[in-house]
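K.L.:
have a look; sequence and predicted model below, questions after that.
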Amino acid sequence: MNITTVGLGLAMIAYGVTTIVLRATRPHFFRKLEPMKQFWGARTGLAIHVVGYSVAPIVAGLIFVVTGARGGSVF
């Protein structure tokens with residue numbers, strides 16, 4: 001088990017979950033969200049923001065945790 005890789009993965013998962021919670025409770029907290037909505041449209045801008053700042057970090061974090069648990073390393 002590689003503790004560094006697992007820790008990094010857990011941090012990425014925590015970041016993704018935090019952005020989901022903050023987007024639901026305090027959407028004004030995200031400075032990039034409104035410009036993305038204005039440029040891409042409300043629905044597409046939100047989708048791009050959700051994928052980029054929530055889904056991708058969670059998926060990458062899960063991959064890092066599994067890789068680290070198997071003994072792999074990202075460094």
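P.N.:
Thanks, I have the structure now.
K.L.:
do you know how far residue 17 is from residue 64?
P.N.:
The spacing between residue 17 and residue 64, counted by CB to CB, to the nearest Å, is 15 Å. From N, CA and C alone the C-beta is placed, and that goes for glycine too.
K.L.:
more neighbours: which of these two?
P.N.:
Neighbours per residue (other CB atoms under 10 Å) separate residue 17 from residue 64, with residue 64 holding more: 24 against 14.
K.L.:
I'd say that one and residue 6 touch.
P.N.:
Yes. Between residue 64 and residue 6 there is a contact at 7.2 Å, judged by CB atoms under 8 Å.
K.L.:
just the strands in this protein please.
P.N.:
Using DSSP state E, the strands of the chain do not appear at all; there are none.
K.L.:
ok, longest helix in it?
P.N.:
In the chain, with assignment by DSSP state H, the single longest helix is helix 3-25.
K.L.:
distance of the nearest residue to residue 4 once chain neighbours are set aside relative to residue 39?
P.N.:
In this structure, residue 4 finds its nearest non-sequential neighbour in residue 75, 6.6 Å apart by CB to CB, 6 or more residues apart in numbering. Going from residue 75 to residue 39 by CB to CB gives 36 Å.
K.L.:
re the thing from before, give me the pLDDT for the residue nearest to residue 4.
P.N.:
Note on residue 75: pLDDT of 82.
K.L.:
return the residues in contact with the nearest residue to residue 8 once chain neighbours are set aside.
P.N.:
Nearest residue to residue 8, sequence neighbours excluded (CB to CB, 6+ apart): residue 64, at 5.5 Å. Residues near residue 64 by CB atoms under 8 Å, 6 or more residues apart in numbering: 5-6, 8-9, 12, 74.
K.L.:
can you put those residues in TSV and add distance to residue 32 and neighbour count?
P.N.:
Compiled in TSV, the contacts of residue 64 are given as follows (distance: CB to CB, whole Å; neighbours: other CB atoms under 10 Å):
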residue	distance to residue 32	neighbour count
5	28	22
6	29	18
8	23	19
9	24	24
12	19	20
74	26	13
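K.L.:
sounds good, over and out.
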